[in-house]
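Participant: structure for the following, please:
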Amino acid sequence: MVSFDEAAQMLDEIAGEFPAEFYKELNGGINLLPDTKMHPQAGDDGALYIVGEYFRDLRGLGRYINIYFGSFEFLYGSYPKARQKAELRRILRHEFTHHIESLAGERGLEIKDFQDLERYKRRKGRRRE
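Facilitator: Presented below is the predicted three-dimensional model:
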């Protein structure tokens, strides 16, 4: 299991792999927070964690990405260090895709995320029956 500081270092390295153009208007940057964040639609079992989020607040803080270390640690903490880094890369790539799509006025990944959530809820509903 990597520590918060190790995850921050890995995230910095991963962030450096992305081209400068990806950072256009990402004025709030990439933030690693110690929090564990549950999805608002998580069931009673609390099995739906948010690991990363993209924010677009044009009136206040601007555009930024949050990565939640507590959620990451819960989901991937038992993975080998190299696999954890790969998961961080995948998560950051996902959030950058939201950012780039937002700049372009697109919503493809947002729609896919919604569809994935609906599939998850249907599967979860079937398990209760």
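Participant: which intervals of this structure have sub-threshold pLDDT?
Facilitator: For the chain, the stretches with pLDDT under 70 are 44-46, 126-129.
Participant: now for the longest helix along the chain, which elements pack on it?
Facilitator: As assigned by DSSP state H, the longest helix anywhere in the chain is helix 81-104. Where contact means 3 or more C-beta pairs under 8 Å, 6 or more residues apart in numbering; DSSP states H and E, helix 81-104 is packed against helix 4-15, strand 52-57, strand 62-68, helix 69-76, helix 108-128. For every residue, glycine as well, the C-beta is placed using N, CA and C.
Participant: closest one to P40 among the ones you listed?
Facilitator: helix 108-128 (10.5 Å; C-beta to C-beta).
Participant: other SSEs contacting that closest one?
Facilitator: With contacts taken as 3+ C-beta pairs under 8 Å, 6+ apart, helix 108-128 sits against helix 81-104.
Participant: for the helix it packs on, buried residues please.
Facilitator: Judged by neighbour count (16 or more other C-beta atoms under 10 Å), helix 81-104 contains these buried residues: 84-85, 87-89, 91-92, 95-102.
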